[in-house]
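A.B. asks: quick one: sequence and predicted model below, then my questions.
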Amino acid sequence: LKKGDVLTHIDGKALADDGQVVLRRDELIQHRYLLRGKRVDEPTIFTVYRDGKDNQECPPCVLGNIPSICLRWVDVDYPPDYLVLGALVLLP
């Protein structure tokens with residue numbers, strides 16, 4: 001990524017102007033969800049608008065330290081088997 005790039009996609013999922021992505025049909029979530037769900041050493045592919053050209057795909061990159069606003073699971077190299085959301089426990 002370079003200074004001045006405008007992020008348009010993360011791993012092929014389009015970002016809206018407000019940073020949201022479509023999860024399922026019409027369910028919108030913040031783009032942080034895609035980054036938080038990454039496994040340790042799992043590459044991320046960013047697509048950007050650069051120098052007047054749309055859809056410039058950057059080489060896959062492995063995310064390092066992400067600021068605290070975008071937390072990741074530390075020392076976890078597998079996806080969780082469940083998600084706790086309020087009082088609900090969601091299973092696959």
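C.D. replies: That came in fine, so what should we check first?
A.B. asks: hey, let's count contacts and neighbours off CA atoms from now on
C.D. replies: Noted.
A.B. asks: the residue found closest to Glu57 once you drop the neighbours it is linked to in the chain is in what secondary structure piece?
C.D. replies: Using C-alpha to C-alpha, 6 or more residues apart in numbering and skipping the chain neighbours, the partner closest in space to Glu57 is Thr47 (4.3 Å). Here Thr47 sits within strand 46-50, counting by DSSP states H and E.
A.B. asks: mind giving me the packing neighbours of the helix or strand following that strand?
C.D. replies: Scanning forward in sequence from strand 46-50 by DSSP H and E, the next helix or strand is strand 53-57. Strand 53-57 sits against strand 46-50, with contacts defined as 3 or more C-alpha pairs under 8 Å, 6 or more residues apart in numbering; DSSP states H and E.
A.B. asks: strand partners (parallel or antiparallel) of the strand it packs on?
C.D. replies: Sheet pairing for strand 46-50, assigned by DSSP bridges, gives strand 6-10 (antiparallel), strand 53-57 (antiparallel).
A.B. asks: returning to that earlier point: the strand holding Thr47: how far from the chain's middle?
C.D. replies: Distance of strand 46-50 from its chain centroid, counting by C-alpha atoms, centre = their mean, to the nearest Å, is 14 Å.
A.B. asks: buried ones in that strand?
C.D. replies: The neighbour-count check on strand 46-50 (16 or more other C-alpha atoms under 10 Å) flags 46-50 as buried.
A.B. asks: contact partners for the residue nearest to Glu57?
C.D. replies: 7-12, 55-58 (C-alpha atoms under 8 Å, 6 or more residues apart in numbering).
A.B. asks: can you flag the buried ones in those residues?
C.D. replies: Using 16+ other C-alpha under 10 Å as the burial test, the contacts of Thr47 include 7-10, 56-57 as buried.
A.B. asks: farthest-separated two in these?
C.D. replies: Taking every pair in the buried ones among the contacts of Thr47 and measuring C-alpha to C-alpha, the maximum separation is 11.9 Å, between Ile10 and Gln56.
A.B. asks: what's the mean pLDDT across the strand holding Thr47?
C.D. replies: Mean pLDDT, computed over strand 46-50, is 88.
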